[in-house]
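In: structure of the sequence below:
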Amino acid sequence: MKFFGTIILAATVSALLGGVATVALQSLAACWHGGCALSGTQQLALMPFYAALGAIVFAVAATRKQWREAVFYALRLLMLIPVVLIIVGFAAGASPRAHAKFEFGNVLLLSIPFWVVIVSQWWLVRRALVLREAVRS
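Out: Numbers count the residues shown, from 1 in each chain. Model (predicted):
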């Protein structure tokens with residue numbers, strides 16, 4: 001039950017960090033393009049989904065007997081999701097029938113908060129598991 005609380009705490013903290021990263025990146029991108037106004041705050045609505053995805057994957061990985069290896073593989077898998085989407089976006093944008101041009105900047109603005117959420121969750125879950133293992137031995 002204590003581990004479930006750790007997963008919930010990690011999801012909450014990582015969602016907050018992802019929200020901060022989203023707001024910071026959106027304001028920097030707006031200033032870069034000359035507007036200096038926050039735009040795209042609907043991306044903040046994605047933070048609970050990012051946190052829930054990470055919480056589910058890390059909770060399943062942490063219950064394995066070889067939790068260090070499983071959590072590391074879960075981290076790598078989750079970090080590759082935006083990379084695959086970027087590659088697919090480039091491939092779709094290169095199509096002669098593409099209606100809209102693929103914009104790398106917009107995808108990066110979505111990917112970086114996802115990576116912040118996942119890395120912060122990984123760090124919190126790993127830290128809790130290492131402390132739990134140290135107490136047991």
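
In: any idea of the mean pLDDT for the longest helix anywhere in the chain?
Out: Scanning the chain for the longest helix, with DSSP state H as the assignment, gives helix 104-136. For helix 104-136, mean pLDDT is 88.

In: can you pull the buried residues of that helix?
Out: Buried residues in helix 104-136, counted by 16 or more other C-beta atoms under 10 Å: 109-122, 124-126, 128-129. The way it works is simple: take the backbone N, C-alpha and C, and place the C-beta from them, glycine included.

In: so where is the chain shaky, pLDDT-wise?
Out: 1, 27-42, 93-95, 98-102 (pLDDT under 70).

In: tell me which residues touch the residue sitting nearest the centre point of the chain, please.
Out: Centroid-nearest residue in the chain, with C-alpha atoms, centre = their mean: F114, separated by 2.5 Å. Listed by C-beta atoms under 8 Å, 6 or more residues apart in numbering, the contact set of F114 reads G18, L46, Y50, I81, P82.

In: and the helix or strand harbouring the last one, what does it pack against?
Out: Right, the one you point to is P82. Using DSSP states H and E, P82 sits within helix 67-93. Where contact means 3 or more C-beta pairs under 8 Å, 6 or more residues apart in numbering; DSSP states H and E, helix 67-93 is packed against helix 47-62, helix 104-136.

In: number of nearby residues for the nearest residue to P48 once chain neighbours are set aside?
Out: In this structure, P48 finds its nearest non-sequential neighbour in A15, 5.8 Å apart by C-beta to C-beta, 6 or more residues apart in numbering. By the criterion of other C-beta atoms under 10 Å, A15 has 24 neighbours.

In: contacting residues for A15?
Out: Residues near A15 by C-beta under 8 Å, 6+ apart: M47, P48, Y50, A51, V117.

In: rerun that using 10 Å as the cut-off
Out: Shown in contact with A15 (C-beta atoms under 10 Å, 6 or more residues apart in numbering): 44, 46-52, 54-55, 113, 117, 120-121.
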